[in-house]
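Q: pasting the sequence and the predicted coordinates here, then a few questions.
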Amino acid sequence: MKTQMDFKSVFCGLVIGVLAMLAIGAGMVTNETGRFQVATAGNVGLVIDTQTGKVWMRCWPSTAELKTDADFSEPKLPVPKAPETK
């Protein structure tokens, strides 16, 4: 049995399939790029979640003493702006 394919129908099916995949992919957008920042200084490593303000710290032993603020690892909240005066 010999089957013939219409080039126009195959092309239209291919175009519809590609457009459907692009539409599905466009609906899955996440803005996670750049959410986590990493910083190091000497024997200290930090990971900062820029969305929540949470900070994770890792310190490796050395001969130098490490000093940090007591609330350094607490989530960072935005500072409220002072009301404007006229």
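A: Right, received. Where do you want to start?
Q: which residues in the protein form helices?
A: 7-26 (DSSP state H).
Q: could you pull out the strands for it?
A: In the chain, the segments counted as strands under DSSP state E are 36-41, 44-49, 55-59.
Q: may I have the strands that pair with the last one, each with its orientation?
A: Translated: strand 55-59. strand 44-49 (antiparallel) (DSSP bridges).
Q: poorly predicted segments of the chain, please.
A: Along the chain, the model assigns pLDDT under 70 to residues 1-2, 27-32, 62-70, 72-73, 78-80, 86.
Q: try 50
A: The model of the chain has no residue with pLDDT under 50.
Q: would you mark the buried spots in stretch 50-60?
A: V55 (16 or more other Cβ atoms under 10 Å). C-beta here means a position set from N, CA and C on the backbone, and glycine is covered the same way.
Q: now do that stretch: distance to the chain's middle.
A: Distance, stretch centre to chain centre, for stretch 50-60: 15 Å (Cα atoms, centre = their mean, to the nearest Å).
Q: next one: stretch 6-21
A: Stretch 6-21 sits 34 Å away from the centroid of its parent chain (Cα atoms, centre = their mean).
Q: hang on, the earlier thing: with distance to V10 as added columns, please give the strands of the chain in CSV.
A: CSV is the format used below for these (distance: least, Cβ to Cβ, whole Å):
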stretch, distance to V10
strand 36-41, 46
strand 44-49, 49
strand 55-59, 54
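Q: and among these, the most buried is which?
A: The highest average neighbour count among the strands of the chain, using mean count of other Cβ atoms under 10 Å, belongs to strand 44-49 at a mean of 15.
Q: what's it in contact with?
A: 35-40, 54-60, 66 (Cβ atoms under 8 Å, 6 or more residues apart in numbering).
Q: go on, stretch 19-38?
A: G45, L46, V47, I48, D49, T50, Q51.
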